[in-house]
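Asks: no sequence on hand, only this structure:
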């Protein structure tokens, strides 16, 4: 029990440090579903402006979700909530982490990025992650990654 309390305290401290150092305002949410509740926090939310007429604006969001809540059903619900919350710009990329240690730090975000779908440089995820893409034509897709397993792709309607 004491070990669990220490972990909870350390995770809470780490998230608060990210809030203070990162200069962003986290969005907390709690939603109910048939399996109970799941919590998530938006740890990064930025818009990449267009640089030419053919280049649409895009939004990049990073989310931290409790590992116990990382399921296909909860991810589908989470992505629908985020997509509804952020209807613009039409092009939306969401990355979901299930482990705080896999979320890039502000210093890691400062490193120049290579074109890899907008995910900042940082640690290679060792826990499950998911990517959600909403294209300008409103088609959507989720890619769920479990370490050492093939990605699972889910088309949303």
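Replies: That came in fine, so what should we check first? Note that this is a predicted model, so its numbers are computed, not measured.
Asks: same question for the lengthiest strand in the chain, mean pLDDT?
Replies: When the chain is parsed with DSSP state E, its longest strand is strand 36-48. Averaged across strand 36-48, the pLDDT comes to 89.
Asks: same question for stretch 148-155.
Replies: For stretch 148-155, mean pLDDT is 77.
Asks: buried residues in that stretch?
Replies: Buried residues in stretch 148-155, counted by 16 or more other Cβ atoms under 10 Å: none are found. C-betas here are computed from N, CA, C, even on glycine.
Asks: helices of the protein, residue ranges please.
Replies: Under the criterion DSSP state H, the chain contains helices at 2-22, 72-85, 106-110.
Asks: packing partners of the longest strand of the chain?
Replies: Packed against strand 36-48 by the contact rule (3 or more Cβ pairs under 8 Å, 6 or more residues apart in numbering; DSSP states H and E) you find helix 2-22, strand 27-33, strand 58-65, helix 72-85.
Asks: and those, which one averages the lowest pLDDT?
Replies: Sorting the helices and strands packed on strand 36-48 by mean pLDDT places strand 27-33 lowest, at a mean of 48.
Asks: could you measure from residue 49 over to residue 99?
Replies: Residue 49 sits at a distance of 31 Å from residue 99 (criterion: Cβ to Cβ, to the nearest Å).
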